[in-house]
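Student: got a predicted model here, sequence first, then my questions.
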Amino acid sequence: EVEWEYQLATVYFNQDKHKKATKTLEKIEGEKGFSEKVTLLKASIYESDEDYDLALIELEKVMVLFPEAIQFRIVAAELCMKSGQEDEAAKYYLEMLDVDSTNIFALTNLTDYYRKKEDYASSFKYLNKSFASPMIDARRKMAILSFYLSDEKFLNDYPEELAVLLDVLIEVHPEAYDARLLASDF
């Protein structure tokens, strides 16, 4: 019976009958207690209604029970970004790195976050960590470096940081001959 009620809530959600869907899910919670599945569907409903704070409250319930599950922090960070809470999103990214220090999603987003805040030392710190990952394609790294190398301010203000990034790029991707060309131009 609970599964049928859950399916009914899903149908209501797909038909844009969000209040009915939420009431059905709350009924399930009232009868059976916490359910990850129910909580995540409620978070999706709130997100689609652009009620990001309620969606985050639902996600927090899941994160308390599954602190090692990074995927919930990724969703929470995305919700924060959608609602303009970039500082809160950064906290979730940092929590992700506590669980997985090589999480590419967190590293790249923290790089952007600190760059937008003009905290270039922190931005380069996370950029360097992401460059150390072979999971990011060499061409993408070269595009990022090209962006920085084309900006005279970065060339003048951060030559050591840029040199380290080039070294890391070549070390992680020795087959990327274009990286050596980029380094020689630098």
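Tutor: Now that the structure is in, tell me what you want to look at. The structure displayed is predicted, hence computed values, not measured ones. Numbers count the residues shown, from 1 in each chain.
Student: and stretch 129-138, what's its mean pLDDT?
Tutor: Stretch 129-138 carries an average pLDDT of 90.
Student: in it, what's buried?
Tutor: By neighbour count, with 16 or more other Cβ atoms under 10 Å as the criterion, the buried positions of stretch 129-138 are 129-132, 136, 138. Every C-beta, even on glycine, is put in place using the N, C-alpha and C of the backbone.
Student: what does stretch 85-99 give?
Tutor: Applying a neighbour-count criterion of 16+ other Cβ under 10 Å, one finds 85, 88-90, 92-93, 95-97 buried in stretch 85-99.
Student: in contact with the closest residue to A90 other than its chain neighbours, which residues?
Tutor: Nearest non-adjacent residue to A90, counting by Cβ to Cβ, 6 or more residues apart in numbering: Y113, 5.0 Å away. Under the criterion of Cβ atoms under 8 Å, 6 or more residues apart in numbering, the contact partners of Y113 comprise 86, 89-90, 93, 123.
Student: can you show me the helices along the chain?
Tutor: With DSSP state H, the ranges of helices along the chain come out as 2-14, 18-32, 36-48, 52-65, 70-82, 86-99, 104-116, 120-131, 138-149, 152-157, 159-172, 177-185.
Student: quick one: contacts of the second one?
Tutor: To tie it back to what came earlier, the one meant is helix 18-32. By Cβ under 8 Å, 6+ apart, the residues outside helix 18-32 that reach it are 2, 5-6, 8-10, 12-13, 35, 38, 41-42, 45, 48-49.
Student: ok, 6 Å please
Tutor: Under the contact criterion Cβ atoms under 6 Å, 6 or more residues apart in numbering, helix 18-32 has outside partners 2, 5, 8-9, 12-13, 38, 42, 45, 49.
Student: can you check the first one too?
Tutor: Outside helix 2-14, the residues within contact range by Cβ under 6 Å, 6+ apart are 20-21, 24-25, 28, 32, 45.
Student: quick check: angle from that helix to helix 36-48?
Tutor: An angle of 10 degrees separates the directions of helix 2-14 and helix 36-48 when computed by axes from the mean of the first three to the mean of the last three Cα atoms, to 10 degrees.
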